[in-house]
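Engineer: Have a look at this fold, sequence not included:
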């Protein structure tokens with residue numbers, strides 16, 4: 001059963017179902033909840049009407065720069081180029097790429113953050129992210145580079161560059177590491193995808209890499225704890241262990 005991405009009800013077990021293959025080697029599909037899609041579309045339409053012209057008041061990251069450039073207007077004619085440069089400026093990761101399950105979890109969790117309707121991206125961007133996830137297009141994302149400031153900027157920028165078909169980006173598709181544009185085309189999608197106002201900041205801001213790692217680690221820890229309890233119980237049974245050893249009074253006297 002597909003995992004519905006609505007920005008509110010996603011559970012760790014849902015992340016694992018999408019991020020890791022089941023016993024049959026298949027990944028669970030993700031779908032954008034229709035109500036979430038409608039909310040994103042309505043919000044974006046309002047933003048486009050209100051702020052996407054050069055006489056509009058400044059709105060951080062929508063028609064301005066970011067950080068030190070928060071008071072500098074970005075003209076609508078320069079918007080697509082500025083979005084690309086924002087991704088390039090932060091795609092500075094190094095080292096071995098994240099494992100497939102971490103990358104998939106990142107893509108799902110970023111889409112879920114968008115579905116909460118606080119980031120303001122275009123619907124097309126959210127749907128592309130989910131479509132790539134379902135198609136098995138996995139961006140190559142270096143593990144080193146994030147310092148957690150404003151989120152996991154470096155790894156998410158590498159994810160963004162791959163999803164948008166940047167020439168330097170790479171993807172894993174059907175077990176092969178390919179240039180992102182080639183992988184996207186092989187999967188039946190258009191490699192060209194222009195980012196709209198705020199799309200770049202929406203993609204790279206957020207602690208989504210940390211969240212993906214945390215969600216998978218929490219799942220694994222719970223599984224290990226359960227198996228440890230089972231192993232202890234079976235060992236005790238096999239050794240015909242003395243249950244009186246677990247008397248609460250003993251443990252109160254010697255609180256190891």
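Structural biologist: Here it is on my side, so go on. This one's a predicted model, so the numbers in the text were calculated from it and none came from an experiment. Numbering: from 1, shown residues only.

Engineer: Once you drop chain neighbours, what's closest to the residue nearest the centre of the chain?
Structural biologist: Taking C-alpha atoms, centre = their mean as the criterion, residue 106 is the residue nearest the geometric centre of the chain, at 2.5 Å. Nearest residue to residue 106, sequence neighbours excluded (C-beta to C-beta, 6 or more residues apart in numbering): residue 212, at 4.5 Å. (Glycine included, C-beta is placed from N, CA and C.)

Engineer: same question, residue 178
Structural biologist: residue 171 (6.0 Å).

Engineer: from what I can see the one you found touches residue 140, true?
Structural biologist: Yes - between residue 171 and residue 140 there is a contact at 6.3 Å, judged by C-beta atoms under 8 Å.

Engineer: Overlap in contacts, these two.
Structural biologist: 162, 177 (C-beta atoms under 8 Å, 6 or more residues apart in numbering).

Engineer: between the two, which one's more packed in?
Structural biologist: Ranked by neighbour count (other C-beta atoms under 10 Å), residue 171 and residue 140 place residue 171 first, with 26 against 21.

Engineer: so which strand or helix has that one?
Structural biologist: strand 170-173 (DSSP states H and E).

Engineer: now that strand: mean pLDDT?
Structural biologist: For strand 170-173, mean pLDDT is 98.

Engineer: helices or strands up against whichever helix or strand comes after it?
Structural biologist: Moving toward the C-terminus from strand 170-173, the next helix or strand (DSSP H and E) is strand 176-179. When contacts are defined as 3 or more C-beta pairs under 8 Å, 6 or more residues apart in numbering; DSSP states H and E, strand 176-179 packs onto strand 170-173.

Engineer: Quickly run through the sheet partners of the strand it packs on, with directions.
Structural biologist: strand 138-139 (antiparallel), strand 176-179 (antiparallel) (DSSP bridges).

Engineer: Measure how buried residue 158 is and give me the count.
Structural biologist: Residue 158: 29 neighbours (other C-beta under 10 Å).

Engineer: Confirm that it sits in a strand.
Structural biologist: No - according to DSSP: H, G, I helix; E, B strand; the rest coil, residue 158 belongs to no strand; its state is helix.

Engineer: What distance do you get for the spatially closest residue to it that is not a sequence neighbour to residue 237?
Structural biologist: Among residues not flanking residue 158 along the chain, residue 141 sits closest, at 4.5 Å (C-beta to C-beta, 6+ apart). In this structure, residue 141 and residue 237 are 45 Å apart, going by C-beta to C-beta, to the nearest Å.

Engineer: When those two are compared, which one has more neighbours?
Structural biologist: Neighbour count, other C-beta under 10 Å: between residue 141 and residue 237, residue 141 has more, with 29 against 9.

Engineer: I'd like the distance between residue 5 and residue 65.
Structural biologist: 30 Å.

Engineer: quick one: which of those two has more around it?
Structural biologist: residue 5 (28 against 16).

Engineer: for that one, what are its contacts?
Structural biologist: 30-33, 36, 108, 111-112, 115, 130.

Engineer: Please narrow those to those residing in helices.
Structural biologist: Using DSSP state H, the members of the contacts of residue 5 that fall within helices are 36, 108, 111-112, 115, 130.

Engineer: taking the residues you listed as a set, which two sit the farthest apart in space?
Structural biologist: The span of the ones in helices among the contacts of residue 5, defined through C-beta to C-beta, is set by 36 and 108 at 13.4 Å.

Engineer: which of these two has more neighbours?
Structural biologist: Between residue 36 and residue 108, residue 108 has the larger neighbour count (other C-beta under 10 Å), namely 26 against 23.

Engineer: measure the nearest residue to the more buried one once chain neighbours are set aside to residue 90 for me?
Structural biologist: What sits nearest to residue 108 in space, not counting adjacent residues and going by C-beta to C-beta, 6+ apart, is residue 18, at 5.0 Å. Separation of residue 18 from residue 90 (C-beta to C-beta) stands at 25 Å.

Engineer: can you pull out the helices in the stretch 1-150 of the chain?
Structural biologist: 12-19, 34-51, 79-90, 100-115, 123-135 (DSSP state H, counting those that start in this stretch).
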